[in-house]
Structures are given as structure tokens and as C-alpha cells.
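Colleague: Turn this into a model:
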Amino acid sequence: TRSSTSTALIDLDRAPCAPPGQLSADEARQFADTSGPIFLLTIPPSVGYEQNPSSLYYCYDLEGAAQHLR
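Modeller: Next up, the predicted model:
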């Protein structure tokens, strides 16, 4: 069987608030020790389905180099 999954790429610096259960831009920036934009790639909740999705944070410094959360 095949299943489809929707993902969302969120610019946490422009979002009015962090999605529930996720880091804010400032929290991710502090954790990754970066100073640039923060993006979150996640699987949004679906009605009627229990999930344990992965969330990936893309953290950049002011020069644009990607860092990873440790």
C-alpha cells in the first residue's frame, strides 16, 4: 500500500508563533549557536491519525552557512 505525507516548511522568523511542541526561532538559534534565519521542515498533524513525525530545523549563520542541531 502507498501512503502520502504532507510536509510544511515554516520560516520560524516570520511565523507568528512556533507550532506546538516545536522550538521557536530563538530557541533553535540558541541551541545551534547560529545567528541567521531558522526554517522548520515538519509533518503537520492530521485529523484522526496518531503520528511521531520527524522535525528538521535548518539553522543558518549570518554568512548563510548551514549548521546542524547537536
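Colleague: and Ala15, what does it touch?
Modeller: By CB atoms under 8 Å, 6 or more residues apart in numbering, the residues touching Ala15 are Ala25. Placement of C-beta: from N, CA and C, glycine included.
Colleague: State the phi and psi torsions of it.
Modeller: phi -70, psi 140 (degrees, to the nearest 10).
Colleague: do Gln30 as well
Modeller: Torsion angles, degrees, to the nearest 10, at Gln30: phi -70, psi -40.
Colleague: contacting residues around it?
Modeller: So Gln30 contacts nothing (CB under 8 Å, 6+ apart).
Colleague: Also Ile38?
Modeller: Counting by CB under 8 Å, 6+ apart, Ile38 has contacts Asp11, Leu12, Asp13, Ala25, Ala28, Arg29, Tyr57, Tyr58, Cys59, Tyr60.
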